[in-house]
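[1] 3D model of this:
(one chain, ligands or ions: 1)
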Amino acid sequence: MSELITPLLQAEQLSVSVGGRVLCERLAWQILPGQFWCILGRNGIGKSTLLHTLAGLHKPAGGRVLIQGQDIQATTAQQLARLRGLLAQQQADAFSSSVLTAVIAGRHPYQFGFGWDREDDRELAMQALEQVKMAAFSDHDVLRLSGGERQRVALATLLAQDPLLLMLDEPTAHQDAAAQIVVMELLHKVANPLPPQKAVIAACHDINLVSRYATHVLLLGDGKSWQGSADSVLQPDILQTAFGCQFEVMENGARRLFVPTADIS
Ligand SMILES: Nc1ncnc2c1ncn2[C@@H]1O[C@H](COP(=O)(O)OP(=O)(O)OP(=O)(O)O)[C@@H](O)[C@H]1O
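    As a prediction, this is how the structure comes out:
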């Protein structure tokens, strides 16, 4: 008999609205360990707001979000910080600090007493910086980083936080072509069904990166959504309905490339 796997995250009849506008209605969705989900959809369709709702930072208009079977609204902040972490679209630094200090901040759910960081927190932070290829910047000031560098440092902070579920809002947005691959390969590797059984949800815009690295896709459209394996959702007719533009699909070995051709909105 196969073992029943507890979803890391479940949306039950989830409705999301902001500023009086309904963005998503009665969404039923679950994320299992090992899955790498990408959320796709037009600008303003509600990807970020949905992500914030799933992270427990925006109250649902209806339904609920369960994290490891428990209502996210009833989960303590410290429990939540160990279960899920969110990489926001932009980083705002009010103060000067070193890159390493910024990454060590990710270890806060594991720090007690006065919260002084331990040697192993520093080691984990350095490993995280190595994973995002920012180790050489460890003693730089965060205020002097480029947008892409700062975003990769924020990703390292999320890795140092070490949650079971990593949630990311446009993780490749500020990255050059090589760094996009670094980020997506890293996320693909993190989403592993083997212990500690992590999963990843990322709001994205680049359909070709999603096609290459995501295991699953949630595509948001107007009053409608599609979800399933990346291959099943990334179909030209579905993409055309969701984005309002035509797509040409080019086959390159096992890989499919989606080229937007004509706006039909
Ligand atoms: N605080 C707010 N008050 C009112 N409306 C908001 C607020 N935040 C977002 N919105 C609106 O909600 C809608 C969804 O925004 P959201 O940022 O979730 O979209 P998105 O799909 O992530 O967009 P993008 O791809 O451009 O990042 C947009 O129309 C936006 O203007």
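[2] part of a helix, is residue 85?
    No - secondary structure of residue 85 (DSSP: H, G, I helix; E, B strand; the rest coil): strand, not part of a helix.
[3] burial count for it?
    When neighbours are counted by other Cβ atoms under 10 Å, residue 85 registers 22. All C-beta atoms are positioned from the backbone trio N, CA, C, and that covers glycine.
[4] measure it to residue 74 for me?
    19 Å (Cβ to Cβ, to the nearest Å).
[5] enumerate the residues of the stretch 1-150 of the chain near the ligand.
    Proximity of the stretch 1-150 of the chain to the ligand, by Cβ under 6 Å from any ligand atom, involves residues 18, 19, 21, 23, 41, 43, 44, 45, 46, 47, 48, 49.
[6] just the buried ones from the residues you listed, in PyMOL syntax?
    Restricted to buried positions by 16 or more other Cβ atoms under 10 Å, the PyMOL selection for these reads:
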select buried, resi 23+41+45+46+47+48+49
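[7] tell me the one of the residues of the stretch 1-150 of the chain next to the ligand nearest residue 178?
    Residue 178 has its nearest neighbour among those in residue 47, at 24.8 Å by Cβ to Cβ.
[8] doesn't residue 37 make contact with the closest one?
    No - judged on Cβ atoms under 8 Å, residue 47 makes no contact with residue 37 at a distance of 11.6 Å.
[9] which single residue in the stretch 1-150 of the chain comes nearest to the ligand?
    Closest contact between the stretch 1-150 of the chain and the ligand, by Cβ to the nearest ligand atom, is at residue 19 (2.7 Å).
[10] model confidence for that residue, exactly?
    pLDDT for residue 19: 91.
[11] closest one to residue 63 out of the residues of the stretch 1-150 of the chain next to the ligand, please.
    Residue 63 lies nearest to residue 23 out of those, by Cβ to Cβ, at 13.0 Å.
[12] and the pLDDT for that closest one?
    pLDDT recorded at residue 23 is 95.
[13] wait, is it part of a strand?
    Yes - counting by three-state DSSP, residue 23 is part of a strand.
[14] list the contacts of the closest residue to residue 265 other than its chain neighbours.
    Once flanking residues are discounted, residue 265 sits nearest to residue 244: 3.2 Å by Cβ to Cβ, 6 or more residues apart in numbering. By Cβ atoms under 8 Å, 6 or more residues apart in numbering, residue 244 lies in contact with 42, 263, 264, 265.
[15] find the closest residue to the ligand in the stretch 101-250 of the chain.
    For the stretch 101-250 of the chain, Cβ to the nearest ligand atom, closest residue to the ligand: residue 203, 6.0 Å.
[16] what's next to the worst-scoring helix or strand of the chain on mean pLDDT, contact-wise?
    Taking mean pLDDT, DSSP states H and E as the measure, the helix or strand of the chain with the lowest value is strand 255-263, at a mean of 88. Contacts of strand 255-263 from elsewhere in the structure, counted by Cβ under 8 Å, 6+ apart, are 207-208, 211-212, 234, 236, 239, 243-251.
[17] if you set the cut-off to 6 Å instead, what comes out?
    Residues from elsewhere that reach strand 255-263, judged by Cβ atoms under 6 Å, 6 or more residues apart in numbering: 207, 208, 211, 245, 246, 247, 248, 249, 250.
[18] and for stretch 108-128?
    Contacts with stretch 108-128, where a contact means Cβ under 6 Å, 6+ apart, come from 78, 81, 82, 100, 103, 104, 107, 156, 159, 160.
[19] mind putting those residues into TSV with neighbour count and secondary structure?
    Formatted as TSV, those follow (neighbours: other Cβ atoms under 10 Å; DSSP: H, G, I helix; E, B strand; the rest coil):
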residue	neighbour count	secondary structure
78	12	helix
81	17	helix
82	15	helix
100	23	helix
103	30	helix
104	22	helix
107	21	helix
156	29	helix
159	25	helix
160	25	helix
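[20] report the two of the residues you listed separated the most.
    The most widely separated members of those, counting by Cβ to Cβ, are 78 and 100 (23.2 Å).
[21] what residue ranges in the stretch 101-250 of the chain score low on pLDDT?
    Applying pLDDT under 70 to the stretch 101-250 of the chain flags the ranges 112-117.
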